[in-house]
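1. Predicted structure and sequence below. I'll ask about it afterward.
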Amino acid sequence: MKKISLPLTKDIIKTLKQGEQVLLSGPVLTARDAAHKRFFDAIKSGKKIPVSLKGETIYYVGPTPAKEGEVIGSCGPTTSSRMDAFTPLLLKQGLIGMIGKGERSKEVNRAIKKYGAVYFITIGGAGAYLSEKVKSAKVVAYKDLGPEAIYRLEIKDFPAITEVL
């Protein structure tokens with residue numbers, strides 16, 4: 001498996017091949033449906049969003065609460081297509097990578113190619129296993145959304161497959 005250090009760059013993305021298995025290590029943001037809608041609405045109304053998306057990778061996950069002594073609870077991917085209505089605008093804001101599960105719409109696939117980004121898929125139904133790959137977790141925005149808040153995670157050897165380039 002190819003080891004990839006985050007944050008991603010266009011140069012790193014150019015080395016990837018569709019279907020390639022990778023291990024991702026470094027910082028990622030988390031965001032699901034509610035956070036994406038807030039990002040989208042803020043950008044559309046000309047307001048500043050609480051975190052910069054430039055050069056960021058978003059993992060589509062809403063982790064469960066951590067048990068005592070753990071960094072994070074179960075954190076398996078959510079269905080990525082639920083974010084499709086918001087994704088082209090976020091890519092335009094500088095988002096460079098996404099991690100989730102399932103197919104993306106034709107519009108999102110075109111936007112990924114247009115902005116030189118990448119979409120990785122990871123293992124659905126393996127949230128407990130994936131939580132072991134998270135070394136730190138901190139809420140950085142939208143705390144009121146509970147598990148759908150924006151977290152900054154530090155991941156190490158997080159397994160994924162390059163799906164769309």
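-> Good, I have the coordinates. Residues are numbered from 1 along each chain as shown.

2. CA atoms for contacts and neighbours, from now on please.
-> Fine.

3. Pretty sure Lys113 sits in a helix.
-> Yes. The assignment for Lys113 by DSSP: H, G, I helix; E, B strand; the rest coil puts it in a helix.

4. My read is that it contacts Glu107, right?
-> No. The criterion here is CA atoms under 8 Å, and Lys113 misses it with Glu107 at 10.1 Å.

5. In terms of pLDDT, where does Met1 sit?
-> Here, the pLDDT recorded for Met1 equals 91.

6. Please apply the same query to Val51.
-> Predicted confidence (pLDDT) for Val51: 97.

7. Apart from its chain neighbours, what residue comes closest to it?
-> Once flanking residues are discounted, Val51 sits nearest to Ala141: 7.4 Å by CA to CA, 6 or more residues apart in numbering.

8. who's in contact with the one you found?
-> 50-51, 149-151 (CA atoms under 8 Å, 6 or more residues apart in numbering).

9. for this protein, which helix is longest?
-> helix 33-44 (DSSP state H).

10. buried ones in stretch 75-88?
-> Buried positions in stretch 75-88, judged by neighbour count with 16 or more other CA atoms under 10 Å: 75-84, 86-88.

11. do stretch 151-160 as well
-> Across stretch 151-160, burial judged by 16+ other CA under 10 Å covers 151-160.

12. Return the member of those nearest to Phe120.
-> The nearest member of those to Phe120, counting by CA to CA, is Ala160 at 5.9 Å.

13. Show me what the helix or strand where that closest one lies pairs with in its sheet, parallel or antiparallel.
-> When elements are assigned from DSSP states H and E, Ala160 belongs to strand 150-164. With DSSP bridges as the test, strand 150-164 is paired with strand 21-30 (antiparallel), strand 118-121 (antiparallel), strand 134-141 (antiparallel).

14. Return the most buried member of these.
-> Looking across those with neighbours counted as mean count of other CA atoms under 10 Å, the highest average goes to strand 118-121: a mean of 25.
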